[in-house]
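In: Mind looking at a prediction? Sequence and model below.
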Amino acid sequence: MRLHCEVEVRNQHLPALGLKARGKGVRAVVSLCQPPRRSALQPGAGAESDGRACLLVSTMKDRQGTRYELRENIEQLFTKFVDEGKATVRLKEPPVDICLSKANPSILKTFLSAIKLAHRGCDINTPLSTPKPVKTSEFENFKTKMVITSKRDYPLSKNFPYSLEHLQASYCGLVRVDMRMLCLKNLKKLDLSHNCIKELPATIGDLIHLQELNLNDNRLESFSVSLCQSTLQKSLQSLDLSKNKIRALPVQFCQLRELTNLNLSDNELIQFPFKIGRLTNLRFLSAARNKLRNLPSEFKMLSLEYLDLFGNTFEKPEVLPIIKLQVPLTLLESSAQIILSNRIPFGPHIIPFHLCQDLDTAKTCVCGRFCLQSFIQGTTTINLHAVAHTVVLVNNVGRMEAPIISYFCSLTCYVNYSDMLK
């Protein structure tokens with residue numbers, strides 16, 4: 001029985017000595033073996049097993065491997081993150097922690113079950129081999145990068161190496177995301193550009209280490225709310241959705257707060273996500289050749305290094321404001337202002353779902369207050385250099401300005417900030 005993974009062997013006494021472990025695993029093949037009896041090592045003796053299973057950790061530098069006894073020698077098994085392909089075997093003698101990572105979760109679970117049986121001295125159903133050097137070819141399973149650029153090279157009869165961290169499958173004619181890719185829990189970069197994908201499965205959000213996702217030149221029409229609320233919130237840093245058919249992005253898109261690079265060029269976007277200002281880490285934004293008419297009010301909260309809005313159909317600012325003030329304020333409006341101003345947690349398990357939607361789409365007044373249905377809406381222009389260091393011209397005339405919507409929660413705010421609309 002063998003497990004391909006990364007291994008770090010830590011001495012348990014290091015913390016007591018004020019020392020830290022290296023903190024980095026190496027590629028290894030971990031085997032569950034059964035050494036022969038000592039008598040079997042004598043000339044002419046048979047290769048008879050003594051029934052005591054051991055753990056053999058082999059690396060490229062040490063293909064012979066280091067052997068660890070298992071029977072009544074396991075102090076503790078740490079399996080909290082086994083579904084992520086991680087586990088730790090703490091031994092009594094020698095006092096070390098064998099830290100396993102980047103393993104196939106299903107194989108790891110089976111492997112750990114066998115280790116438990118070996119510790120108790122029970123029979124293991126799987127036949128065990130005698131310790132022997134690992135072949136160099138076995139380490140080829142640790143491939144971390146695969147680039148496929150044609151249908152001919154696309155693997156149909158075999159799975160992708162589980163250890164992949166970077167996978168590119170471009171010009172393969174894919175009409176959907178291959179579900180085998182979604183089992184690659186170590187993926188950091190996924191490039192599916194230049195295909196025919198129309199829809200993204202929600203399970204992409206299960207790739208907990210995914211940092212870069214390239215979907216350039218496909219046929220996507222939307223980016224689902226479930227993806228915006230997945231673990232991508234904590235991992236995704238670069239997203240390329242250019243050359244698709246996306247008309248709008250959900251409000252929840254702005255929950256992807258680790259994004260630093262976002263490319264939305266060559267789509268059919270009519271507007272940016274309403275709360276785009278929440279993308280506080282965003283530094284590179286491209287949305288050229290869309291159908292943007294104006295920018296949302298929170299756009300001015302961005303702090304970008306590069307901005308490209310060339311070729312959009314920006315409208316001229318409205319001369320007259322849109323007035324939707326309600327005096328006195330409704331109970332809903334007042335309650336919403338209190339909840340949002342005090343950052344009181346809310347969700348569909350606390351209040352009705354439609355109220356959650358109202359709170360998620362609340363507008364922010366120039367004074368900082370919030371408003372739902374009672375506001376004055378005005379349109380002005382913003383110099384794009386106010387939000388970005390480098391700006392691509394908006395059109396061929398050399399414009400550096402674009403219309404932006406502003407909201408006012410009261411007539412007083414409108415009067416005090418009316419200079420913004422001039």
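Out: Perfect, thanks for sending it.
In: which stretches of the stretch 51-200 of the chain form helices?
Out: 105-120 (DSSP state H, counting those that start in this stretch).
In: where in it is pLDDT low?
Out: Scanning the stretch 51-200 of the chain for pLDDT under 70 picks out the ranges 51, 125-127, 137, 139-141.
In: tally of neighbours for the residue lying closest to V89 once chain neighbours are set aside?
Out: Nearest residue to V89, sequence neighbours excluded (Cβ to Cβ, 6 or more residues apart in numbering): I98, at 4.4 Å. (Glycine included, C-beta is placed from N, CA and C.) Residues lying near I98 (other Cβ atoms under 10 Å) number 21.
In: ok, now the one 5 residues further on?
Out: Neighbouring residues of A103 were enumerated by other Cβ under 10 Å; the total is 26.
In: Then H385?
Out: So H385, with other Cβ under 10 Å, has 12 neighbours.
In: That one touches M400, doesn't it?
Out: Yes: counting by Cβ atoms under 8 Å, H385 touches M400, with 6.3 Å between them.
In: and for those two, which residues touch both?
Out: V391 (Cβ atoms under 8 Å, 6 or more residues apart in numbering).
In: Assign the closest residue to S410 other than its chain neighbours to helix, strand or coil.
Out: Excluding its sequence neighbours, the residue lying closest to S410 (Cβ to Cβ, 6+ apart) is L325, at 7.2 Å. Under DSSP: H, G, I helix; E, B strand; the rest coil, the three-state class of L325 is coil.
In: so who does L325 touch?
Out: For L325, counting by Cβ under 8 Å, 6+ apart, the contacting residues are S374, F375, I376, S410, L411.
In: pLDDT at S238, what is it?
Out: Looking at S238, its pLDDT is 97.
In: top strand in this protein by residue count?
Out: strand 2-11 (DSSP state E).
In: for that one, packing partners?
Out: strand 26-33, strand 54-59, strand 96-101, helix 105-120 (3 or more Cβ pairs under 8 Å, 6 or more residues apart in numbering; DSSP states H and E).
In: Show me which residues of that strand are buried.
Out: R2, L3, H4, C5, E6, V7, E8, V9, R10 (16 or more other Cβ atoms under 10 Å).
In: Parallel or antiparallel, list what pairs with that strand.
Out: strand 26-33 (antiparallel), strand 96-101 (antiparallel) (DSSP bridges).
In: contact partners of stretch 401-419?
Out: If you take Cβ under 8 Å, 6+ apart as the criterion, stretch 401-419 is touched by 292-297, 299-300, 309, 312, 314-317, 321, 325, 363-367, 369-371, 374-384, 394, 420-421.
In: List the buried residues for stretch 233-246?
Out: Neighbour counts over stretch 233-246 (16+ other Cβ under 10 Å) mark Q233, S235, L236, Q237, S238, L239, D240, L241, S242, K243, N244, I246 as buried.
In: Quick one: mark the members of these that sit in helices.
Out: Judged by DSSP state H, helices contain the following of the buried residues of stretch 233-246: Q233, S235.
In: quick one: the longest strand of the chain to helix 105-120, angle?
Out: Strand 2-11 and helix 105-120 are oriented at 60 degrees to each other (axes from the mean of the first three to the mean of the last three Cα atoms, to 10 degrees).
In: got the angle for strand 2-11 vs strand 54-59?
Out: With the same axes, to 10 degrees as the basis, strand 2-11 and strand 54-59 are set at 90 degrees to each other.
In: State the phi and psi torsions of the nearest residue to A386 once chain neighbours are set aside.
Out: Nearest non-adjacent residue to A386, counting by Cβ to Cβ, 6+ apart: K300, 6.6 Å away. Note on K300: backbone dihedrals following degrees, to the nearest 10 are phi -70, psi -10.
In: Tell me the predicted confidence for I322.
Out: At I322, pLDDT is 85.
In: hmm, back to that, could you double-check that the residue nearest to A386 lies in contact with I276?
Out: No: the pair K300 / I276 is not scored as a contact, 10.0 Å apart, by Cβ under 8 Å.
In: And the helices in the stretch 201-350 of the chain?
Out: Under DSSP H, counting those that start in this stretch, the stretch 201-350 of the chain gives helices at 225-228, 232-235, 331-341.
In: and the first one, how far out from the chain's middle?
Out: By that I understand helix 225-228. When C-alpha coordinates are averaged (Cα atoms, centre = their mean, to the nearest Å), helix 225-228 and its chain have centres 11 Å apart.
In: Could you list the buried residues of that helix?
Out: Across helix 225-228, burial judged by 16+ other Cβ under 10 Å covers L227, C228.
In: List the contacts of that helix.
Out: L200, A202, I204, G205, P250, Q252, F253, C254, Q255, L256.
In: What's the mean pLDDT across that helix?
Out: For helix 225-228, the per-residue pLDDT averages 93.
In: Also the second one?
Out: Confidence over helix 232-235 (mean pLDDT, whole number) is 95.
In: Give me the average confidence score over stretch 5-18.
Out: In this model, stretch 5-18 has an average pLDDT of 83.
In: so where do the strands sit in the stretch 51-200 of the chain?
Out: With DSSP state E, counting those that start in this stretch, the ranges of strands along the stretch 51-200 of the chain come out as 54-59, 66-69, 74-78, 87-91, 96-101, 145-148, 166-169, 189-191.
In: Just give me the neighbour total for the residue nearest to A386.
Out: Close neighbours of K300, defined as other Cβ under 10 Å, add up to 16.
In: wait, what's in contact with it?
Out: By Cβ under 8 Å, 6+ apart, K300 lies in contact with G277, I382, A386, V387, I404.
In: Distance to S334 added to the helices and strands packed on strand 2-11, as a markdown table?
Out: Formatted as a markdown table, the helices and strands packed on strand 2-11 follow (distance: least, Cβ to Cβ, whole Å):
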| stretch | distance to S334 |
| --- | --- |
| strand 26-33 | 61 |
| strand 54-59 | 65 |
| strand 96-101 | 52 |
| helix 105-120 | 50 |
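In: what's next to stretch 132-149, contact-wise?
Out: 2, 4, 27, 29, 31, 58, 60, 63-65, 154-155, 160-172, 186.
In: Got a ChimeraX select line for the buried ones in these?
Out: Here is the ChimeraX command that selects the buried residues among the contacts of stretch 132-149 (16+ other Cβ under 10 Å):
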select :2,4,27,29,31,58,65,160,161,162,163,164,165,166,167,168,169,170,171,172,186
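In: Give me the pLDDT value at the nearest residue to P131 once chain neighbours are set aside.
Out: Among residues not flanking P131 along the chain, C33 sits closest, at 4.6 Å (Cβ to Cβ, 6+ apart). The score at C33 is 85. That number is its pLDDT.
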